[in-house]
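S.K.: sharing a model that was predicted from the sequence below.
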Amino acid sequence: MIDMVRLANFGPLASVEWSSLGKLNLVIGENGAGKTFLLKTLYAVVRSLEMFGRGDERQSSISEILARKLYWTFQADKIGDLVSKGSRNPLSFEALVNGRKIAFQFGRDTSKQIISELYDATPLEGNSVFLPAKEVLSLHHIILKSREVDQLFGFDDTYFDLAKVLNINPTKGKNFPEFAASRKNLRELLGGRMEYDEADHRWTFKKGNEKYALGIIAEGVKKLAILDTLLGNRYLSPQSIVFIDEVEAALHPKAISVFLDVLALLAERGIQFFMATHSYFVLKKLLLISRTKGISIPILSSSGGVWTTGDLADGMPDNPIVDESVRLYEEQVELSLG
Amino acid sequence: MEFGPFDEEVFFHIEKSGLYQHVNSGGGVSAAEFLLLRCKTPSSAEASSLWVVEAKSSSPRPESNIRFREFIEEIKSKLHDSLCLAIAALMGRHASRCDLPERFHEQDWSTIVIKLVLVINGHDKKWLEPVSDALQKTFKPIAMIWGFSSGDVVVINDEMGVRHGLVRKE
């Protein structure tokens, strides 16, 4: 679990400090503020820590793994390009993960190697994942081909990593009760489940005894099915950290409520979530979850380039989403009362 | 929170009126705070709109379902009963008891714009819309019957009330 994060001069993020993180964490801000950038950065760091010491990465240092991860996540010519434009200072990152510190910094001349890093713990267990706003099932084979065969920029590591794990065989292990309950709720919402046809190398949606081609399945259904698949093949475990960009994308407000209840249930079992949103419905639902369950839900909000922190347990903080809702309502009142 | 000041000829305090005392002698008739005629220009005798205004000092949060539904029902009764009473009186149904100012009787009630306004004193602006949405939804069939827009069922706070000339500035 990420307990704290501090960044400076990192892409669009001039200065961010976010501590006392919870199992459910929310990032809001206008377009271009850096919400997705922040989530991708956290994912790249966490995934690097998870890969450290595993499989083919056994011989690599955390520094090498991290540099490679940042390169393929952000797909800049060199990782030094991640330093904020116009900043004379190096980019810096510091986080507490499971109570242990990871920190690194590098300047704009850094090509591929991060010299300065500090990590004093064993590799992370668990598998983390980034769920982008757009569902990837439709593009699954294209993502794999463009990265594995063609080695092209385009689909960054958030897409590639997800595509690789969607059709892995289920691992042996405990089926946690909260995972089973979450899958049941998801499947009720979906009305079925996604299946991967090994022979045809494609995904279909199964509803009862009927199979449907992916092309005729709704975007929101495919998106929800991805989470169901990752729970079903046991890629996700209580140690996982899940990053969700625009959690509301393609979802009806009712589906948003059910989906967030599912995430809250998974959070109770241990999964940590970081979500970015533009949605008033997401804000309101998480506020209710915070009050109903009596839990902290830290919120990081950007306005005019300045990031402020709050907690939904203390009530709805001032934020640009609600501000715009109020502004629209005032416009509506003016229209009516003149 | 104080309303006004309004000219006597365009203002009607419902609960204090003889008309209301008469129809509610047996109880069961709800009353909003007041009726107000709003003219297009100060010198114009032709009224543009009839405002039915109710005032509250607070509202329950929408998350508290039962209390919120009861609150919306209460507001709906007050505004609707007051609108119906005004129109019944103007049709001459309570001729001997009607103490509506003369100016109300001079209007063309086939074309007048109807606005129903709830003013909640001290209410945070971000909590107004859910109340407005619920009230507009409940008024939709009534708006269809009486020929006005449910969008003209409006919920504001005291600050907005000052801006629209309803609430006295402190």
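M.R.: Structure's in. What do you need? Residues are numbered from 1 along each chain as shown, chains lettered A, B, ... in the order given.
S.K.: tell me where the stretch 201-338 of chain A has strands.
M.R.: Along the stretch 201-338 of chain A, counting by DSSP state E, counting those that start in this stretch, strands occupy A:202-207, A:210-213, A:241-244, A:272-277, A:298-303, A:306-311.
S.K.: for the longest strand along chain B, name the packing helices and strands.
M.R.: Assignment by DSSP state E gives strand B:47-56 as the longest strand of chain B. On a contact count with 3 or more Cβ pairs under 8 Å, 6 or more residues apart in numbering or on different chains; DSSP states H and E, strand B:47-56 meets strand B:34-39, helix B:65-90, strand B:113-120. For the C-beta atoms, the positions are set from N, CA and C on the backbone; glycine is no exception.
S.K.: skip ahead from the second one and say which helix or strand is next.
M.R.: Sequence-wise, the next helix or strand downstream of helix B:65-90 (DSSP states H and E) is helix B:102-105.
S.K.: what comes up buried for that following helix?
M.R.: Neighbour-count burial for helix B:102-105, counted by 16 or more other Cβ atoms under 10 Å in any protein chain shown, picks out B:R103, B:F104.
S.K.: name the spans of the stretch 51-200 of chain A whose pLDDT lies under the cut-off.
M.R.: Low-confidence segments of the stretch 51-200 of chain A (pLDDT under 70): A:56-59, A:116, A:120-121, A:170-175.
S.K.: residues from it in reach of chain B?
M.R.: Counting by Cβ under 8 Å from any Cβ of the partner chain, the stretch 51-200 of chain A comes close to chain B at no residue.
S.K.: A:L96 touches A:I2, doesn't it?
M.R.: Yes - using Cβ atoms under 8 Å, A:L96 makes contact with A:I2 at a distance of 7.2 Å.
S.K.: rewinding a little: with just CA atoms, put the longest strand of chain B into CSV.
M.R.: Listed next in CSV are the C-alpha coordinates belonging to strand B:47-56 (Å, rounded to 0.1, in the frame of the first residue of the first chain):
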residue,chain,number,x,y,z
ALA,B,47,-48.0,41.9,-14.8
SER,B,48,-45.4,39.6,-16.2
SER,B,49,-45.5,37.0,-13.6
LEU,B,50,-47.0,35.6,-10.5
TRP,B,51,-44.5,34.4,-7.9
VAL,B,52,-45.6,32.0,-5.2
VAL,B,53,-42.9,32.2,-2.6
GLU,B,54,-42.2,29.8,0.4
ALA,B,55,-39.5,30.3,2.9
LYS,B,56,-37.6,27.8,5.0
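S.K.: partner strands of it, with direction?
M.R.: Next to strand B:47-56 in the sheet, as set by DSSP bridges, lie strand B:34-39 (antiparallel), strand B:113-120 (parallel).
S.K.: can you say which of those is nearest to A:G191?
M.R.: Closest approach to A:G191 among the strands paired with strand B:47-56 (Cβ to Cβ): strand B:113-120, 40.7 Å.
S.K.: which residues touch residue 48?
M.R.: Went with chain A since none was named. Applying Cβ atoms under 8 Å, 6 or more residues apart in numbering or on different chains, we find A:S48 in contact with A:I62, A:I65, A:L66, A:K69.
S.K.: if you could check chain B rather than the one you did, that'd help
M.R.: So B:S48 contacts B:R38, B:C39, B:K40, B:I112, B:V113 (Cβ under 8 Å, 6+ apart).
S.K.: for chain A, what are the nearby residues on chain B?
M.R.: For chain B, the residues in contact with chain A (Cβ under 8 Å from any Cβ) are B:63, B:115, B:117, B:125-126, B:128-129, B:132, B:149, B:151-152, B:154, B:156, B:160, B:164.
S.K.: go again with 10 Å.
M.R.: B:38, B:40, B:48-49, B:51, B:62-63, B:113, B:115, B:117, B:124-130, B:132-133, B:149, B:151-156, B:160-161, B:163-166 (Cβ under 10 Å from any Cβ of the partner chain).
S.K.: list the contacts of the closest residue to A:L230 other than its chain neighbours.
M.R.: Excluding the flanking residues, the one nearest A:L230 by Cβ to Cβ, 6 or more residues apart in numbering or on different chains is A:L236, at 4.9 Å. By Cβ atoms under 10 Å, 6 or more residues apart in numbering or on different chains, the contact list for A:L236 reads A:126-129, A:165, A:176, A:179, A:182, A:227, A:229-230, A:242, A:266, A:269, A:271.
S.K.: got it, and B:F148?
M.R.: Contacts of B:F148 by Cβ under 10 Å, 6+ apart are B:S49, B:L50, B:L83, B:I112, B:V113, B:I114, B:K115, B:L116, B:F139, B:I142.
S.K.: if you rank those residues by neighbours, which is first?
M.R.: Per-residue neighbour counts (other Cβ atoms under 10 Å in any protein chain shown) across the contacts of B:F148 peak at B:L116, which has 28 neighbours.
S.K.: next, residue 98: phi, psi?
M.R.: Unless you meant another one, I'm taking chain A. phi 50, psi 40 (degrees, to the nearest 10).
S.K.: wrong chain, I was asking about chain B
M.R.: As for B:C98, its main-chain torsions (degrees, to the nearest 10) stand at phi -80, psi 120.
S.K.: against chain A, how distant is the closest residue to it other than its chain neighbours?
M.R.: Nearest non-adjacent residue to B:C98, counting by Cβ to Cβ, 6+ apart: B:A89, 4.6 Å away. Distance of B:A89 to chain A, computed by Cβ to the nearest Cβ, to the nearest Å: 25 Å.
S.K.: repeat that for B:K137.
M.R.: Distance of B:K137 to chain A, computed by Cβ to the nearest Cβ: 15 Å.
S.K.: now do that residue: how many residues are near it, please.
M.R.: For B:K137, using other Cβ under 10 Å, the count is 12.
S.K.: same thing with A:E195?
M.R.: Using other Cβ under 10 Å, A:E195 has 15 neighbouring residues.
S.K.: and it, that's in a helix?
M.R.: No - counting by DSSP: H, G, I helix; E, B strand; the rest coil, A:E195 is not found in a helix; it is strand.
S.K.: contact partners for it?
M.R.: Residues in contact with A:E195 (Cβ under 10 Å, 6+ apart) are A:N167, A:R202, A:W203, A:T204, A:F205, A:K206, A:K211, A:A225, A:T229.
S.K.: show me what contacts the closest residue to A:E268 other than its chain neighbours?
M.R.: Excluding the flanking residues, the one nearest A:E268 by Cβ to Cβ, 6+ apart is A:E178, at 5.9 Å. Taking Cβ under 10 Å, 6+ apart as the criterion, A:E178 is in contact with A:L231, A:P238, A:V262, A:A264, A:L265, A:L266, A:A267, A:E268, A:R269, A:G270, A:I271.
S.K.: thought the first one was touching A:R183?
M.R.: Yes - here A:L231 lies in contact with A:R183, judged by Cβ atoms under 10 Å, at a distance of 5.3 Å.
S.K.: these two: which is more packed in?
M.R.: Remark: of A:L231 and A:R183, A:L231 carries more neighbours, 23 against 20, as counted by other Cβ under 10 Å.
S.K.: quick one: the more buried one and A:G192, what's the gap?
M.R.: 15 Å (Cβ to Cβ, to the nearest Å).
S.K.: sorry, back to before: need the three-state assignment for the residue nearest to A:E268.
M.R.: What three-state DSSP gives for A:E178 is helix.
S.K.: quick one on the thing from earlier: please spell out the PyMOL selection for the buried subset of the contacts of A:E178.
M.R.: The PyMOL selection below is limited to those of the contacts of A:E178 classed as buried (16+ other Cβ under 10 Å):
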select buried, chain A and resi 231+238+262+264+265+266+267+268+269+271
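S.K.: with distance to A:G107 and pLDDT added, can I get the contacts of A:E178 in a markdown table?
M.R.: Shown next, in a markdown table, are the contacts of A:E178 (distance: Cβ to Cβ, whole Å; pLDDT from 0 to 100):
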| residue | distance to A:G107 | pLDDT |
| --- | --- | --- |
| A:L231 | 41 | 90 |
| A:P238 | 38 | 92 |
| A:V262 | 43 | 92 |
| A:A264 | 41 | 95 |
| A:L265 | 44 | 92 |
| A:L266 | 39 | 93 |
| A:A267 | 37 | 95 |
| A:E268 | 42 | 92 |
| A:R269 | 41 | 90 |
| A:G270 | 37 | 93 |
| A:I271 | 35 | 96 |
